[in-house]
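Asker: Need coordinates for the following:
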Amino acid sequence: MRSYQRFACAGLSVLAIGLGGCQGYVKKADFDAAINDLRSNQQKQQQEIDSLTQQMQQRFAQYDAKIAELNGRIRVDAVSHFAFNSSSLRDEDKPMLDDFAKIMSKNYPQAVITVEGFADPAGGRSYNKRLGMKRADAVRDYLVSTGGMSADQIRTVSYGKEADRQVLKGKSGDGAEANRRVTLVVDFAGPPAQAAPQSQQPQSQS
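Answerer: Predicted structure coming up:
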């Protein structure tokens, strides 16, 4: 029993709050129930992520975008491309951002979105870091101002010209748009929004 107790406290301390801590011991029945709850929640969240991935794959089939699911995250790659040394959104990229905002706002209002900005390898590292951030900020601002998403649910990060994040290794200038891009990452889909219940009409009495 002591070895089981030490395992419960050390390996699953996150359960301590729900089980009243490890001051004495954790009953096996409580321990098993908590494990089952965790597994159920994980399965539910995975189902929500799978559903969102499928929606995006269907909705974005018309765009030049890749939808990938990895470790509970959804990556929408190649959302926006930019001209050389520019952080201005192109008009042809806005429809996809509009569709993304609609899906997330309508179905997953609690989602946390990370907007990742990139640059091609031309120029200095610090300059490209700032340029990547400007591009990420441009997409975030568009999603908020035009797409109606909450600013609190969108964060930005820049990877600049980091070599391991370049699509076309070492390529810059003309033909290197794939390196000058923004990618959207859904870190947590959250529970889908529930449809408002329809008001029940009073039954007529005979």
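
Asker: domain ranges for this protein?
Answerer: With domains defined by automatic domain parsing, the chain comprises 2-40, 60-188.

Asker: what's the most buried one of the ones you listed?
Answerer: Highest mean neighbour count of the domains of the chain: domain 60-188, a mean of 17 (counted as mean count of other CB atoms under 10 Å). Backbone N, C-alpha and C define where each C-beta goes, glycine included.

Asker: Now do that one, average pLDDT.
Answerer: Here domain 60-188 scores 88 as its mean pLDDT.

Asker: part of a helix, is Gln172?
Answerer: Not Gln; residue 172 is Ser. No. Using DSSP: H, G, I helix; E, B strand; the rest coil, the assignment for Ser172 is coil, not a helix.

Asker: C-alpha coordinates for stretch 167-179, PDB please?
Answerer: Taking Å, rounded to 0.1, in the frame of the first residue of the first chain, the C-alpha atoms of stretch 167-179 are listed here in PDB:
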ATOM      1  CA  VAL A 167      10.100  25.800 -46.200                       C
ATOM      2  CA  LEU A 168      12.600  26.600 -48.900                       C
ATOM      3  CA  LYS A 169      16.000  26.300 -47.200                       C
ATOM      4  CA  GLY A 170      18.100  29.400 -47.800                       C
ATOM      5  CA  LYS A 171      15.800  30.800 -50.400                       C
ATOM      6  CA  SER A 172      15.000  34.600 -50.500                       C
ATOM      7  CA  GLY A 173      13.700  37.200 -52.900                       C
ATOM      8  CA  ASP A 174      11.500  36.200 -55.800                       C
ATOM      9  CA  GLY A 175      10.000  32.700 -55.500                       C
ATOM     10  CA  ALA A 176      10.500  32.500 -51.700                       C
ATOM     11  CA  GLU A 177       7.000  33.500 -50.600                       C
ATOM     12  CA  ALA A 178       6.700  30.200 -48.800                       C
ATOM     13  CA  ASN A 179       9.400  31.400 -46.300                       C
END
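
Asker: Identify the residues contacting it?
Answerer: With contacts defined as CB atoms under 8 Å, 6 or more residues apart in numbering, stretch 167-179 is touched by 78, 81-82, 84, 118-122, 161, 163, 166, 181.
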